[in-house]
Each structure stands twice: as structure tokens, then as C-alpha cells.
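**Student:** need a 3D model of the sequence below.
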Amino acid sequence: QDLLTNAHDEALFEYYFTSQLATVTTAGVTAPIGKPALFATASMSPDGQFVLVSRIKRPFSRLVTAGGFAKDVEIWGRKGALVRTLGEQPLAEGVPIGGVLTGPRSHRWNPTEPATLLWAEALDGGDPKNKVPARDRVLSIKAPFSGAPAEYATTEFRFGGVSWTERGIALLSESDRATRVSRTWLIGAPGAAPRKLWERKQQDRYADPGTPMVRPGKGAILQAGDAIYLAGNGASPQGDRPFLDRLNLQSLATERVFQTDERSYETVASLLSDDGKRLLTRWETQADYPNYYLRDL
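**Tutor:** Next up is the predicted model:
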């Protein structure tokens, strides 16, 4: 439902979704970035000097939604000048079930570096039925974005994403559709072998280690010494009991810092101190409506 069905729909789509990127200062001064376009995504590099843009282009599809339309992926300068074309994402009409697009996909900036971009490319033609030794490769390129990109990693399973701690340690995830197994790897210094952090069945909620906590206001995982913090739902036979764990990235040992009691439902919204003793939580019970609280452990 809600697909484009005729030329008039296409004209309306192009009219209503064309937009202009711009920067706005705290004084309200607006400066346009480049020309108007049908932007699928746009994100500024951490140093504020470049913009990663994904622009939807014709021909539009009448078989898939807007997320599957063809796109050009580019790096622009701060004022909109084209710095580098990263590639084209074709129409997603022929993508097999459980498959991915061919060509560059899943672009994102490394938040711990001024302007370093990573993305994934399928090595199996985007089809999970193809038998290959590696499903994806992850590539990276740094400003000024000249020359060939460097290979950051290859994954046996389908690339699922990557995030970084404040000190540049990467957590890279992959998953296998056939076996429903997901894995997460720690990638440290360049040239060092990745270390497996987690491996579990995707449906195994009891074994879910949680999600790394991000530094408030930053795009990187909060790292205190050798430790990061994980917030999870805490699924158990008694129901969900949300928790906060401290994970040592050297020993891979975890320590339970906080867990909601049996009379309430309390989730960790944010860390307010590096030692994990001050939290912002969302607390509720069967009789008390949800609200946010400061918790001192």
C-alpha cells in the first residue's frame, strides 16, 4: 500500500520531498549547503567540514517504497561542493528476501576521528543463498577523500553495523540469516586481530548482553578506563528486569552495576558519571506512571 502508482504521484513526491540543506547559527543566520534535492539522508562529519548525502533520483519505483529508490551517495564540502562520489545505490526491486543492495551501503562517520567514513559492500552479490567465504567487506576513507579506500574488515556473516568507544575501539556486528546467529567483534589497534566479544542466537533474549551506553551529547560509546557500560532489558523467566553492566574490554568480564527490583520497572536512560554510580532512569510500577529520576548508587 501507499506506493507511487502514476506520473502524478511521482510529481507530487518530487515536489513535497525536495528540500534544502542548511546550517543555522545560534543567532539564527542560515547558510544553504548546495542545491535542493530529494535527500534520503544527510549527516555532517565530526569536524563539521564535510556532509555525507544520499540523494534519491529518478526513475522512481512503483514496486517498492521510497527507501528502495535509486540514490547517489556523495561527500560534499561544507558549502555544498562535490568532494567525492561514493557510488550509486540501485533500485531495490530485485533484492532477494534477506538480501542487500549491491554496491556501497550503510555509510557512517567514525565519531572519534575528524572526517573518516566507513561503509559496507556485499561480496555475495547481495544474495544470502550464494555460498561464499565472506559476505561483506567494510571499507574506509579519510579526508581529503582522495585515492582508493582501505579495507577495514571482512565479515563471514552479513555486516550489521559498527560503533566506536571514545578511545577508538570498534564494536563490529554481523549476523547470519540461515542460522540466526549474531556475533560482535572488538577491533582495536590497526593490524591487531579482532577479538570475539559475543555470539548468540538472535532470538535468545535471555542471553542479550545489552546495548553500549553512549556519552551524552556525543556519538561514541562512553569508555571509563578499560570499561564500557551496557544497558539491557534483562529478559528472564520472571519477566524483564532491566540492568546496567560494566564490561572490561581487556578481560571481557562483566559486573552487574544496577538491576531493577521485582516491584518496579526501571530502565537506564543515561549515565551521569564515568564510574556508573549516578544514573538517569525511567521508573514506573503497575500503580505509578513513568517518570525520570536521578539515581545515586
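
**Student:** Ser273 and Thr260: what is the separation?
**Tutor:** Ser273 sits 19 Å away from Thr260, going by Cβ to Cβ, to the nearest Å. Yep, even glycine has a C-beta here, placed from its N, CA and C like the rest.

**Student:** mind listing residues that contact stretch 52-65?
**Tutor:** If you take Cβ atoms under 8 Å, 6 or more residues apart in numbering as the criterion, stretch 52-65 is touched by 2-5, 10, 13, 17, 21, 34, 37-45, 66, 68-76, 89, 91-93, 107-109, 117.

**Student:** more neighbours: which of Ser273 and Thr260?
**Tutor:** Just comparing Ser273 and Thr260: by other Cβ atoms under 10 Å the higher neighbour count belongs to Thr260, 19 against 12.

**Student:** got the contact list for that one?
**Tutor:** Going by Cβ under 8 Å, 6+ apart, Thr260 touches Gly234, Arg241, Pro242, Phe243, Glu266, Thr267.

**Student:** can we see that at 7 Å?
**Tutor:** Thr260 sits next to Arg241, Pro242, Glu266 when contact means Cβ atoms under 7 Å, 6 or more residues apart in numbering.

**Student:** quick check: closest non-adjacent residue to it.
**Tutor:** Leaving aside its sequence neighbours, Thr260 sits nearest to Glu266 (Cβ to Cβ, 6 or more residues apart in numbering; 4.0 Å).

**Student:** out of the contacts of Thr260, which are inside helices?
**Tutor:** Assigned to helices by DSSP state H, none of these qualify.

**Student:** Gly98: which of the residues you listed is nearest?
**Tutor:** Taking Cβ to Cβ as the measure, Gly98 sits nearest to Pro242 out of those, at 30.7 Å.

**Student:** just confirm the closest one contacts Glu266, I think it does.
**Tutor:** Yes - look at Pro242 against Glu266 with Cβ atoms under 7 Å: they come within range, at 6.3 Å.

**Student:** mind listing the strands for the stretch 1-150 of the chain?
**Tutor:** Ranges of strands within the stretch 1-150 of the chain are 19-24, 30-37, 39-44, 50-56, 71-77, 82-89, 105-109, 116-122, 136-142, 150-155, based on DSSP state E, counting those that start in this stretch.

**Student:** winner for burial among the ones you listed?
**Tutor:** Of all those, strand 116-122 carries the top mean neighbour count, a mean of 22, counting by mean count of other Cβ atoms under 10 Å.

**Student:** can you give me the angle it makes with strand 82-89?
**Tutor:** Counting by axes from the mean of the first three to the mean of the last three Cα atoms, to 10 degrees, strand 116-122 points 20 degrees away from the direction of strand 82-89.

**Student:** who are the packing partners of strand 116-122?
**Tutor:** Applying 3 or more Cβ pairs under 7 Å, 6 or more residues apart in numbering; DSSP states H and E, one finds that strand 116-122 contacts strand 105-109, strand 136-142.

**Student:** repeat that with 10 Å
**Tutor:** Applying 3 or more Cβ pairs under 10 Å, 6 or more residues apart in numbering; DSSP states H and E, we find strand 116-122 packed against strand 50-56, strand 71-77, strand 82-89, strand 105-109, strand 136-142, strand 150-155, strand 158-164, strand 170-176.
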